[in-house]
Each structure stands twice: as structure tokens, then as C-alpha cells.
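Trainee: Sequence and predicted structure below; questions after.
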Amino acid sequence: MERPDPVWDAAWQWVMLRHEQGFTEPCPTELCAWLEADSSHQRAYDDACKLWEALAVSQIAKQV
Amino acid sequence: MSLVITRHLLEQNFVEQRKQLCAISYKLLGNAAQAEEVMQEAFLRLLDVAIGKQVDCLQAYCCQVVRNLSLDNMRRLQVEGQYRVYTDDGELPQTDGGENPQRLLQQRQLLQAIDAAMETLPERTRRAFELYRIHGMTQRDIAKELSCSATLVNFMLRDVGQALAGCREHL
């Protein structure tokens, strides 16, 4: 297990929220504010979104 | 401070930001033609749903729409099996041509890293995540299914994120 990184943890939770809302819904203003607060937030969120997609590929591949 | 999106603002912003938006889509999709399609789709979508909305930052809003549509596009490609690069016999799958071999290799390494990270997690955590991510179940329903509290489910889903943090280097 990696050492907990609060920015990564927050990014991951945002992606979870977006997953629950449906990704095509407009970005919540709180998320936009968080993304703009620091470039590391945007990087973490981008990475979390990409991993989120790759995880689906990984899991679906096992089921096929 | 928030602003109300008008058609004029949207068009102006989209033209000014076009290069940046296209880069976001291209980075996710790795395909210039698909990125262009997403750009057109994003503009139509924005015209359709964004006019009259209040946002704090129009640029961030447009970025998010392009990102979301790109992710949707990726999802479609997955369904069509074009994105699947990890097969049991280890062969690279057929693609629609023009795929960069280096990118396919990176994707395969990423999926292997994800598998290895997931293996470090307890079976129940992996099951919770599968129900959440693939089956679209709510955290509350997963709690019922696994006979545990919704709080524990939330912790398990966050554990997956922490376990995958090391996979970022493969992106």
C-alpha cells in the first residue's frame, strides 16, 4: 500500500463522486475551484480519471 | 464570482481555448481525428446545455466538458473492444490501424500494474470496487450485498485509490 497522499485521495474521491453523478453532468463548482486551487490537483484528477477508465478495462477484460 | 454563460461568451471562449481543449482530448484519446470529433461534439453539447448556466470559471467548465466527452468516447471504444490490449495469450489485439505500438505497450504495462496493485487488496475490497465501478451499484447497496456498513464500503473504495497511486507512473 502506498503512503497516503491527501491530494491523490481527494482526487480519487472526486472521481468517485463524478462516477455516481454521471461524468457528463456539468462539473460541480466545488470541483472546479479545487482543480484551480493548485496545479497538483489538476494533475491528480487527470490521473485519477485515466486510472478510473483503465480499471474498467482491466476488470471487464477479466470478465469477458 | 460567477458568470452566466451566453452564446457569445461560449463561442469566444471556445475559439480562444480551442488549442488547449483539443490537447486535453488528444491526451486522453491518443488520436487526433477522434479528438477533433470530440471537440465538435463538445461545442454542440455546450450550446445545448450550457447557455444560461452560472459558472465560476467558463474555461474550467469547457475543459471539464471536453474531458468528460473524451472519457465517454474512451468508454465507447472499450465497449467496441478496441481499447482492450491485455489478452490471455499475451497477444496485442487488432486495432483500427494507426495505433502507436509504444502506446499499446504502455497501456499493457499500465493494466499489468493495475492488476498487481489490485492483487494487494483483500478480496472483499476488490468485490466492492467491481460492484461499484462495473455494475454501477450505490455504496449503500454494496453494503447490503456484502453485509457491512456503507462507511466501510466507502473506506474500501478509497483504499483502491490508495493502492493504485503507484500506477500513476505508468500513465
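Mentor: Done, it's in.
Trainee: any idea how far whatever helix or strand A:Cys32 lives in is from the chain center?
Mentor: Per DSSP states H and E, A:Cys32 falls inside helix A:29-37. How far helix A:29-37 lies from its chain's middle: 13 Å, per C-alpha atoms, centre = their mean, to the nearest Å.
Trainee: What lies in contact with that helix?
Mentor: A:10, A:14, A:17-18, A:41-42, A:45, B:2, B:55-57, B:60-61, B:64 (C-beta atoms under 8 Å, 6 or more residues apart in numbering or on different chains). Backbone N, C-alpha and C define where each C-beta goes, glycine included.
Trainee: Quick check: buried residues in stretch B:31-51?
Mentor: Buried residues in stretch B:31-51, defined by neighbour count with 16 or more other C-beta atoms under 10 Å in any protein chain shown: B:Asn31, B:Gln34, B:Ala35, B:Glu37, B:Val38, B:Met39, B:Glu41, B:Ala42, B:Phe43, B:Arg45, B:Leu46, B:Ala50.
Trainee: ok so, going back, tell me the mean pLDDT over the helix holding A:Cys32?
Mentor: Averaging pLDDT along helix A:29-37 yields 90.
Trainee: Could you identify the helix or strand that succeeds that helix?
Mentor: helix A:39-63.
Trainee: How about that following helix and chain B, any contact?
Mentor: Yes. Counting by C-beta under 8 Å from any C-beta of the partner chain, contacts between helix A:39-63 and chain B involve A:46-61, A:63.
Trainee: Quick check: ChimeraX command selecting the buried ones in those.
Mentor: Selection of buried members from the residues of helix A:39-63 next to chain B for ChimeraX, criterion 16+ other C-beta under 10 Å:
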select /A:46,47,48,49,50,51,52,53,54,55,56,57,58,59,60,61
